[in-house]
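In: the following block contains a protein sequence and its predicted model.
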Amino acid sequence: LRGSKSFTAALAAEAERNGHGLAYKSVSVGHLEAAPLSPSRLSLGRASSTATSTAAPEQGRPRDYLLLAMFSCFCPVWPINVVALVFSIMSRNSGQQGDMDGARRLGRMARLLSIVSIILGTIIIVLYIALSVR
């Protein structure tokens, strides 16, 4: 028997799958190309979500809460409000790069940390004033 240098694997249009769940197209030996992975097969880590943001209609730029984060820096809870400022800047950068879902997520975290910082800072200031008056 004489072997061939090319073969036909499962065509992507036929939707047949091999043992690994990836569709292949017909190519020569040594040059197999996998079909693109679906978004559900991508890494579960912190990945850019530009694939989903292009399909969604443009909703405008998400808020980064930079002013709120800068205001929270005046509260005496410095580790939390500095992290809020960093998240706010990261949100702005993600929005400028087109990652709207990431910008929205980072903006919400910046808002949460800023509010926590302002509340804790107010409690610390009130306790300090109450204890210094006595």
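Out: Looks like it came in fine.

In: would you confirm that residue 94 contacts residue 103?
Out: Yes: Residue 94 is in contact with residue 103 according to C-beta atoms under 8 Å; the separation is 3.9 Å. (C-beta placed from N, C-alpha, C; glycine too.)

In: so which residues of the chain form helices?
Out: Along the chain, counting by DSSP state H, helices occupy 50-55, 66-72, 78-97, 100-133.

In: make a markdown table out of these and add mean pLDDT and mean neighbour count.
Out: Below are those laid out as a markdown table (pLDDT from 0 to 100; neighbours: other C-beta atoms under 10 Å):
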| stretch | mean pLDDT | mean neighbour count |
| --- | --- | --- |
| helix 50-55 | 45 | 12 |
| helix 66-72 | 96 | 19 |
| helix 78-97 | 96 | 18 |
| helix 100-133 | 97 | 16 |
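
In: show me what contacts the nearest residue to residue 63 once chain neighbours are set aside?
Out: Sequence neighbours aside, residue 107 is the residue nearest to residue 63 in space, at 5.3 Å (criterion: C-beta to C-beta, 6 or more residues apart in numbering). The contact partners of residue 107, by C-beta atoms under 8 Å, 6 or more residues apart in numbering, come to 62, 63, 64, 65, 87, 88, 91.
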